[in-house]
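Chemist: Give me a model of this one.
(one chain, ligands or ions: 2)
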Amino acid sequence: MISYTEAHKKVIETAMDFGETQVHIMDSIGCVLAEDILADRDFPPFNRSTKDGIAVNSKYIKENDSLKIEGICAAGDPQKELKDFANCLEIMTGAVLPDNCDAVIMYEEVDIENGKARISSSPIPGQNIHKKGSDQQKDEVLLKKGEPISSQNIGVLATVGKERISVKKLPKVAIISTGNELVPIDKVPEIHQIRTSNSYSLQALLRQLNIESELMHIPDEKDILEKRILTALKNFDVLVLSGGVSKGKYDYLPEIFEKLSVQKKFHRVAQQPGKPFWFGMHRDYETHIFAFPGNPVSTYVNFHIYFNDWLDACMSASSKNYEIRMNDEVENSTDLTKFLLVSANHEKAVLTGNLVNGNGSGDLVSLSKASGVIKVEPQSAFKTGSAFSYVPFR
Ligand SMILES: Nc1nc2c(c(=O)[nH]1)N[C@H]1C(S)=C(S)[C@@H](COP(=O)(O)OP(=O)(O)OC[C@H]3O[C@@H](n4cnc5c(N)ncnc54)[C@H](O)[C@@H]3O)O[C@H]1N2
Ligand code: MOO
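Modeler: Numbering: from 1, shown residues only. Ligands and ions are numbered 1, 2, ... in the order given. Now for the predicted structure:
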């Protein structure tokens, strides 16, 4: 059995590039940019008024002058021109500063009467003007290839006219549940049966990562497992399985993978939950297999501590590291790396957490009370207030 650190390293080592694809701007949130996004023009593209008021030429006017109003510059009007430098033009926020003007005085500082504007102070050149190119200049890189696209980035993409964007392609994933005790969620289970909750948790997690996936259920029968897993290996980039990898008489998956020539990278990790995790790759089809143990907490935690980091590596994105201070004493007297469920809070800008009590890795409702897990090294004990590496669920 290998350690969690070794297992994690082996998973990350198999990360691969799935190529690029073009998506509509509104389907790009959360995707990773596969192209640099350049400024198609200066930002702002013209000297832009930041106030509603009057545009003037500061060199030709002084305090208490009464300036004749030549006209109005609205946002959306092409640039106008101040004819007489001692006059002014009314101007609206977002309008192009007229030619021969170098300052804007806001309405609150002007008295307008009979087509004239009296000013109470001398304007400073450049006041209330958002200067052309002062934010960014044409052809500057606004968003870098490799950056994840956030909602803040959407406005930037829109303003440079990128309706379709080149992003990193995400893997095609099949979620496979195994086990004769499982029934679909629209069926009422017999007393000895349960509904297949892991399939939906996994699909939800993948959806949060923008990955659409296909659900499959395969009964515990070797011939059917072999046939259907072979088909899935040929048609998907990743198979995420839950269940069927431990020591049970019907835990056929490791032997089926071997029969189908899937290269085993490891089976079983010195960790809890999630010890019976099986991970491998089919060389010919380049399909990755994450076969998570069936207990719901094991499946869910393993997805976070392996799959998420693997996907980040595939997207050349760096995984985030969080630290949390625990309000409880924490102890791990086993030889396994433990991942304990915690509920986290922000206290004075510090992330703090409390242990979530649960009934082990079969207690899926305990997951709903948790916001993530902390990693606790084997044979260790910590006082209240100690810091841990934290993996958030959301
Ligand atoms: N002799 C041993 N027995 C077990 C060991 C061990 O080391 N030696 N490890 C235990 C650990 S730890 C785990 S975790 C489980 C994992 O077993 P499997 O991966 O083989 O999973 P199953 O036996 O098929 O199922 C376990 C449990 O999970 C439920 N399950 C499975 N799939 C789903 C699903 N899609 N949705 C909801 N729940 C699911 C299943 O009904 C079982 O209750 O093995 C221990 N045993
Ligand atoms: O490790 Mo198993 O994942 O505890 O139930």
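Chemist: rest of the way, CA atoms for contacts and neighbours
Modeler: Noted.
Chemist: Distance check, Ser49 against Val156.
Modeler: Distance, Ser49 to Val156, using CA to CA, to the nearest Å: 21 Å.
Chemist: With neighbour numbers in mind, choose between those two.
Modeler: When neighbours are counted by other CA atoms under 10 Å, Ser49 comes out ahead of the other of Ser49 and Val156, with 29 against 16.
Chemist: Enumerate the residues of the chain near ligand 1.
Modeler: Counting by CA under 6 Å from any ligand atom, the residues of the chain close to ligand 1 are 177, 179, 196-199, 242-247, 251, 274-276, 293-296, 298.
Chemist: Tell me which of those residues fall in helices.
Modeler: Ser197, Asn198, Ser199, Pro296, Ser298 (DSSP state H).
Chemist: could you redo those residues as CSV and give each row pLDDT, distance to Asp309 and neighbour count?
Modeler: Formatted as CSV, those follow (pLDDT from 0 to 100; distance: CA to CA, whole Å; neighbours: other CA atoms under 10 Å):
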residue, pLDDT, distance to Asp309, neighbour count
Ser197, 94, 23, 15
Asn198, 96, 20, 23
Ser199, 97, 20, 24
Pro296, 96, 20, 27
Ser298, 97, 16, 26
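Chemist: Make a markdown table from the residues you listed and add distance to ligand 2 to it.
Modeler: As requested, those are exported to a markdown table (distance: CA to the nearest ligand atom, whole Å):
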| residue | distance to ligand 2 |
| --- | --- |
| Ser197 | 16 |
| Asn198 | 13 |
| Ser199 | 16 |
| Pro296 | 8 |
| Ser298 | 4 |
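Chemist: What lies in contact with the helix or strand containing Ile324?
Modeler: Under the criterion of DSSP states H and E, Ile324 resides in strand 322-326. Strand 322-326 is contacted from outside by 344, 350-355, 374, 384-391, using CA atoms under 8 Å, 6 or more residues apart in numbering.
Chemist: and the two most separated of those?
Modeler: Farthest pair in the contacts of strand 322-326 (CA to CA) is Thr384 and Val391. Separation: 19.1 Å.
Chemist: Compare the two (neighbour count), which wins?
Modeler: Each of Thr384 and Val391 has its neighbours counted (other CA under 10 Å); Val391 has more, 22 against 11.
Chemist: List the residues that contact that one.
Modeler: Here Val391 is in contact with His304, Ile305, Asn321, Tyr322, Gly372, Val373, Ile374 (CA under 8 Å, 6+ apart).
Chemist: Then Arg41?
Modeler: Gln137, Lys138, Asp139.
Chemist: Just confirm the last one contacts Asp36, I think it does.
Modeler: Spelled out, that is Asp139. No: in this structure Asp139 lies outside contact range of Asp36 using CA atoms under 8 Å: 10.3 Å.
Chemist: Which one's more surrounded, the two?
Modeler: Shown here are Asp139 and Asp36; by other CA under 10 Å, Asp36 has more neighbours (15 against 12).
Chemist: That one reaches Glu147, doesn't it?
Modeler: No: using CA under 8 Å, Asp36 is not in contact with Glu147; the gap is 9.1 Å.
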